Structure formats: C-alpha cells, structure tokens
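> Fold the following, please.
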Amino acid sequence: MRNSEYYSILGVSKNASKEEIQKAYRKLARKYHPDVNKDAGAEDMFKKVNEARSVLTDPETRKLYDRYGSKWKEAQPQGEQQQRSSENSRWGDFSGGFGHQEGSSHFEQEDFGDFFSNIFGGGGGQESQWGGFRQSAGRTVEANIEVSLDELVHGASKTISWSSMERVGRTVQPKEEKIQLKIPKGLKDGSVIRLAGKGEEGRGGGSAGDLLLRVNVRPDSRFSLKDYDLLTTVPVSPWEAALGAKVDVDTFDGKISLTVPKGCPTGRKLRVKGKGLPKKKGEAGDLYVQVEIHVPPKLSDEEQELFRQLSEKSSYNPRSSLGQWAVEMAEAA
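Next up is the predicted model:
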C-alpha cells in the first residue's frame, strides 16, 4: 500500500488529527457496514476502512506507516524492540526490580472500540494499577438492531455480523464475528439485549465489556406499535357501519372475526384483548382496530336510487351538531 493509501481510503489529509480520522471512519463504517450495505464490494471496503483507521489512530503504527508505507508491518518488530528496551532500562532503576521486566508496560487510553460504540456513547472501562502494570476492563459497546413485529410476537433466532477491533501484541486489527442472537418474547421497541463479554476487549488481562443491542422495530405495512399494543385499521361500508357487521381482521395469529356495532362512526377504535405483543410474564398487549368508513367510488343506477330514497326518508344531519356548536360559541362571545 502506498504511503497515502490509508489516508485516501478515509478521505483525510496526511496531517489529519485523530479526531478527524475517527469522524471520517464513523461515516464510512456506517456506509459500508455489511448489515447496512449489501452491494458487491461493500464488505471489502468496510475491512479497508477498519484497517486504515486502526493504523492511523495508533500513534506508533501511524509513525511507522508514514515512514515505511506498505512495509510498515515489517518494520514494526524493530520499533517494538526499541520501546521494550527503553522500558526495561526505566523499570530497572527501581531497587529490587522485577524478575521479568519485559512484560511491564503502560497502555495509553485509546479509543479502539467499534464505531457503534459512538452511537450511544459506550461506558468507560475501569482500571487498576499495581507494580507498573495497568489493567483495564473493556468498555460496554452499544448498537442498534432492527427486528420485525413478527419476530417480537413469536420470538426468533438470527445471525448478525459484528465488527470490532482487537489487540494483537501492540497492534490493533479488525475483527469480524458472527453472533447467533436469540430474540426472546417480551421485548418491545427500545428494549435492550445484553451480550456479556461481546464488547470491547480488556487490556492487560482485563475482562471484556458487554455488547448492548437496542431493539428498533421495522415499520410494518399493517400495524403500528405503541408500547405493547398494536393498532390497525379496517375499512367498512356505510351500511355495515350503520347496520352492524362481522368483518375479518388480520392478527399475527391469523384472521379473526370482529363485530362492528350498529351506528359505528368512522375513527372509532375497537379493542381486541391480548392480541398485541407478548409481555415477559405471559400476558400480552391489546390490538386496537380503527374503523374507517369507505364510500363506494362509483354507484349503479339502482344504488343511486336507493341512496336517493334514503336521503328523502332519513332525518339524520351530521352537520346539525356543528350548527349547535356555532350557536353556543356565539352566545358565549
């Protein structure tokens, strides 16, 4: 790789700051992530973006890359050896010393978490220091996961791709992992699934952080969602609304027959108990069916005559209440 190729991949200049590199990385990682972009070549580009970011955000590897270009990895062992030698001489000044100086090192606080940790601002790891060793627990990382209403109702098992960074010696490399994820019943929009130990790797032997997946419900063409309740609409004719009727309504357990009461106005919501999302304790939300009265777009001659007869015989005026309201408002003024 040429000296400028990592910079070109991220679209930044060679004197870009770490913050500028991180910003460019997050933008490109979201664009090319395999779970988001299914185009051919997107996954390869995502790996290149990860590789470029991991090298350029580490001061040591960036210095080697700027100097040696594509051969920076071959030059790395020599740089590591010089740094270990410097650390050994420093720690050797302590009276008594340590039996094995080579393992003593300090790791700087660098952000090597996956870009998803920046969506919600993952929590920081805790550190403890003893005898020159610094141990750091990995951060908790947060991300979004999109699920369907059907998966929330019935539960599901799905495989997701998770991309993070891992340390190998003093280098940081992209790491991709396939995770078998169970979607249990009882979740709703905004629920969080915790995967222990799947977050950022710990440093110096520290424990790994957790991965928190926040549930986002994919829009459904038939239902909208409020907490554990579902809302849908059912179209009815004017005579069904006036006389009452039995109509079929879709649910996630199949069709049900719903009674539309006589004189049902448009916009009225009919409750079907227990046909919403399941809750953790075995209960379930409700399904609300909103009635919409639809007028025939075209009438036959016979139908027009029947409606004409109805209009002559019926004394019902839906605007009479509006007139009374106008009178009351005028008197109040």
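
> any weak-confidence spans in this structure?
In the predicted model, the chain carries pLDDT under 70 at residues 1-4, 35, 75-135, 163-174, 204-205, 321-333.

> gap between the residue nearest the centre of it and residue 17?
In the chain, the centroid-proximal residue (C-alpha atoms, centre = their mean) is residue 144; its distance is 1.5 Å. Plainly put, residue 144 is 28 Å away from residue 17 if you go by C-beta to C-beta, to the nearest Å. For the C-beta atoms, the positions are set from N, CA and C on the backbone; glycine is no exception.

> Show me what the residue nearest to the centre of the chain is bridged to.
Taking DSSP bridges, one obtains residue 214 as the residues bridged to residue 144.

> care to break this protein down by domain?
Domain assignment for the chain by automatic domain parsing gives 1-77, 119-218, 224-332.

> where along the stretch 51-200 of the chain do the strands fall?
Per DSSP state E, counting those that start in this stretch, the stretch 51-200 of the chain carries strands over the ranges 127-130, 133-136, 141-147, 156-168, 171-183, 192-195.

> follow-up on the earlier one: pretty sure the residue nearest to the centre of the chain is touching residue 217, no?
No: counting by C-beta atoms under 8 Å, residue 144 does not reach residue 217; the two are 11.0 Å apart.

> Let me see the ranges of the helices in the stretch 151-300 of the chain.
For the stretch 151-300 of the chain, the helices defined by DSSP state H, counting those that start in this stretch cover 238-243.

> what about residue 213, distance to residue 277?
Applying C-beta to C-beta, the value for residue 213 to residue 277 is 18 Å.

> Please apply the same query to residue 242.
For residue 242, the distance to residue 277 (C-beta to C-beta) stands at 34 Å.

> Between these two, which has more neighbouring residues?
For residue 242 versus residue 277, neighbours defined as other C-beta atoms under 10 Å are more numerous around residue 277 (24 against 16).

> Off-centre distance for stretch 224-232?
Relative to its chain's centre, stretch 224-232 lies at 20 Å (C-alpha atoms, centre = their mean, to the nearest Å).

> Residues contacting it, please?
With C-beta atoms under 8 Å, 6 or more residues apart in numbering as the test, stretch 224-232 has contacts from 149, 188-189, 217, 222-223, 249-250, 269, 275-279, 284-290.

> Which of those fall within strands?
Counting by DSSP state E, the part of these found in strands is 217, 249-250, 269, 287-290.

> Dump those residues to CSV, plus distance to residue 233.
Shown next, in CSV, are these (distance: C-beta to C-beta, whole Å):
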residue, distance to residue 233
217, 18
249, 9
250, 11
269, 10
287, 12
288, 10
289, 7
290, 5
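
> among those, who's most crowded?
residue 287 (25 neighbours).

> where along the stretch 201-333 of the chain do the strands fall?
Under DSSP E, counting those that start in this stretch, the stretch 201-333 of the chain gives strands at 211-217, 224-226, 229-236, 245-251, 254-260, 269-272, 287-293.

> What helices and strands are in contact with the fourth one?
If I follow you right, that is strand 245-251. Strand 245-251 sits against strand 229-236, strand 254-260, strand 287-293, with contacts defined as 3 or more C-beta pairs under 8 Å, 6 or more residues apart in numbering; DSSP states H and E.

> now the ones you listed in JSON lines, with distance to residue 206?
Shown next, in JSON lines, are these (distance: least, C-beta to C-beta, whole Å):
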{"stretch": "strand 229-236", "distance to residue 206": "43"}
{"stretch": "strand 254-260", "distance to residue 206": "51"}
{"stretch": "strand 287-293", "distance to residue 206": "48"}
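
> Go through the ones you listed and name the closest to residue 179.
Closest to residue 179 of those is strand 229-236 (C-beta to C-beta; 28.9 Å).

> and the nearest residue to residue 37 once chain neighbours are set aside, helix, strand or coil?
Leaving aside its chain neighbours, residue 37 sits nearest to residue 31 (6.5 Å; criterion: C-beta to C-beta, 6 or more residues apart in numbering). The three-state label given to residue 31 by DSSP: H, G, I helix; E, B strand; the rest coil is helix.

> Residue 31 contacts residue 24, correct?
No: applying C-beta under 8 Å, one finds residue 31 not in contact with residue 24, separated by 10.8 Å.

> In terms of neighbours, single out the busier of these two.
residue 24 (20 against 13).

> Can you mark which positions in the host helix or strand of the more buried one are buried?
Per DSSP states H and E, residue 24 falls inside helix 18-32. Buried residues in helix 18-32, counted by 16 or more other C-beta atoms under 10 Å: 21-22, 24-26, 28-29, 32.

> other SSEs contacting it?
Where contact means 3+ C-beta pairs under 8 Å, 6+ apart, helix 18-32 is packed against helix 5-10, helix 42-56.

> let's see 6 Å
With contacts taken as 3 or more C-beta pairs under 6 Å, 6 or more residues apart in numbering; DSSP states H and E, helix 18-32 sits against helix 42-56.

> related to what we said a few turns ago, looking at the buried residues of helix 18-32, spot the one nearest residue 181.
Proximity of the buried residues of helix 18-32 to residue 181 (C-beta to C-beta) peaks at residue 29, which lies at 20.2 Å.
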